[in-house]
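Chemist: Pasted the sequence and its predicted model underneath.
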Amino acid sequence: MPVRRPTAVAVALAALVVPLAACAGPATGAAPSGGTTTTTTSTFRPVTVDNCGTTVTVTSPPQRVVTIKSTPTEMMLALGLGSRIVGEAYQDGPVPAPWAAAAASIPVLSDKIPGQESVLALSPDLVYAGWESNVSAKGGVGDRSALAARGIATYVSPSACKEAAYQPDPLTFDDVFAEISQVGDLFGVPDRAAALVAQQKAALAAITPVSGVRAFWWSSGEGTPYAGAGIGAPEMIMRAAGVTNVLASVHDTWTSAGWEDIVKADPDVLVLVDASWNTYDAKVKALESNPALSQLTAVKEKHFVRLPFASTEAGVRNVEAAASLAQQVRALGLGG
């Protein structure tokens, strides 16, 4: 699903993405563009992981993968595994420029959750999902055990696990890096994963946090905003940028927020997530046209930060999002 063209800040931050892809695997044949890869099946050892409570065993590196949501697709592209994606669905926006060429050749199954028939027709050996609901009997492409019975493994981004025993609480960058390492093991490219983690850690350490800035994170929703709460990716990104989340005390990943509470909090900055179904421009218009919300300090001062939706769910673009957040806040003249 298309989103807005990158801002000048986003273009500048592309430098963070380029080295991540470029370092994804010189020793194992990774292509920086996410294209052709070299599979080392002769040295691969079976991998078993406990994934959101489901035991997943991979006896050979998956070669035919269906990705659902942007985060799995971008994870594979960052690891130089784009040629193994036989179909993608429910993408939240365009991939960054360094991966665009590889992404262009990936068949799109659906803008939303694909039908099970279309997935089965591709004969995948693995479905890599961004949300647990993507691989469920109701609202997904099928129950995980039923897919396993057909010889199709499933893997869900661990940050999206919902049961208390598996949900990161709170989500940290170490959790994101652990997923990169685990995916590298599952696909037989641990060296690429290690290089990517090292690059991301260096980029994260290079961020100079702002200080003294309070923000409200508006992900989606119109009448009632769906907002970043205290234990998920938005909180993790804001913490890395040095920004204080006005909803940090809410023990959830995202939450439905009341505008009256946001008016009372009167944050310094509004982080407006740009999604095709609820754009940055639409959010700004709603804020400026509402009698109460237009009186927020951040609205009157136009203290808006824009982040693309695909960078705001746990994945390989979170470091980029944190750096962009800090940079945009400073560009507003805030945060030191």
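Modeler: Structure's in. What do you need?

Chemist: Next, the buried residues of stretch 106-120.
Modeler: 106, 109-110, 113-114, 119 (16 or more other Cβ atoms under 10 Å). From N, CA and C alone the C-beta is placed, and that goes for glycine too.

Chemist: Mind jotting down where the strands sit in the stretch 1-150 of the chain?
Modeler: 47-51, 54-58, 65-68, 85-89, 108-110, 126-129 (DSSP state E, counting those that start in this stretch).

Chemist: again with the stretch 201-336 of the chain
Modeler: Under DSSP E, counting those that start in this stretch, the stretch 201-336 of the chain gives strands at 214-220, 226-228, 244-245, 254-256, 269-274, 304-308.

Chemist: Domain-wise, how is this structure divided?
Modeler: For the chain, the structural domains run 8-204, 214-331, going by automatic domain parsing.

Chemist: Reformat those domains into CSV and put mean pLDDT next to each item.
Modeler: As requested, these are arranged in CSV below (pLDDT from 0 to 100):
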stretch, mean pLDDT
domain 8-204, 87
domain 214-331, 97
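
Chemist: ok, and which of the strands of the stretch 1-150 of the chain has the densest surroundings?
Modeler: Highest mean neighbour count of the strands of the stretch 1-150 of the chain: strand 65-68, a mean of 29 (counted as mean count of other Cβ atoms under 10 Å).

Chemist: Which elements pack onto that one?
Modeler: The contact analysis (3 or more Cβ pairs under 8 Å, 6 or more residues apart in numbering; DSSP states H and E) places strand 65-68 against helix 70-78, strand 85-89, strand 126-129.

Chemist: The second one to helix 70-78, inter-axis angle?
Modeler: Here the directions of strand 85-89 and helix 70-78 differ by 150 degrees (axes from the mean of the first three to the mean of the last three Cα atoms, to 10 degrees).

Chemist: Output strand 85-89 as PDB, nothing but the C-alphas.
Modeler: Taking Å, rounded to 0.1, in the frame of the first residue of the first chain, the C-alpha atoms of strand 85-89 are listed here in PDB:
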ATOM      1  CA  ILE A  85      10.000 -14.700  -1.400                       C
ATOM      2  CA  VAL A  86       7.400 -16.300  -3.800                       C
ATOM      3  CA  GLY A  87       4.600 -13.900  -2.700                       C
ATOM      4  CA  GLU A  88       3.900 -11.000  -0.300                       C
ATOM      5  CA  ALA A  89       0.700  -9.600   1.100                       C
END
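
Chemist: thinking again about what came up before, what's the closest of the buried residues of stretch 106-120 to Gly87?
Modeler: Gly87 lies nearest to Leu109 out of the buried residues of stretch 106-120, by Cβ to Cβ, at 4.5 Å.

Chemist: hang on, that closest one packs against Val86?
Modeler: No - at 9.4 Å, Leu109 does not count as touching Val86 under the criterion of Cβ atoms under 8 Å.

Chemist: joint contacts of these two?
Modeler: Counting by Cβ atoms under 8 Å, 6 or more residues apart in numbering, the common neighbours of Leu109 and Val86 are 66, 122.

Chemist: would you turn the strands of the stretch 201-336 of the chain into JSON lines with distance to Leu126 and mean neighbour count?
Modeler: Below are the strands of the stretch 201-336 of the chain laid out as JSON lines (distance: least, Cβ to Cβ, whole Å; neighbours: other Cβ atoms under 10 Å):
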{"stretch": "strand 214-220", "distance to Leu126": "28", "mean neighbour count": "23"}
{"stretch": "strand 226-228", "distance to Leu126": "30", "mean neighbour count": "25"}
{"stretch": "strand 244-245", "distance to Leu126": "35", "mean neighbour count": "20"}
{"stretch": "strand 254-256", "distance to Leu126": "27", "mean neighbour count": "17"}
{"stretch": "strand 269-274", "distance to Leu126": "29", "mean neighbour count": "26"}
{"stretch": "strand 304-308", "distance to Leu126": "26", "mean neighbour count": "23"}
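
Chemist: In CSV: the ones you listed, plus distance to Ala137.
Modeler: Compiled in CSV, the strands of the stretch 201-336 of the chain are given as follows (distance: least, Cβ to Cβ, whole Å):
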stretch, distance to Ala137
strand 214-220, 26
strand 226-228, 25
strand 244-245, 35
strand 254-256, 24
strand 269-274, 30
strand 304-308, 31
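
Chemist: Would you mind saying which of those lies nearest Lys162?
Modeler: That would be strand 254-256 among the strands of the stretch 201-336 of the chain, by Cβ to Cβ, at 12.1 Å.

Chemist: quick one: that closest one to chain centroid distance?
Modeler: Taking Cα atoms, centre = their mean, to the nearest Å, the mean C-alpha location of strand 254-256 is offset from the chain mean by 17 Å.
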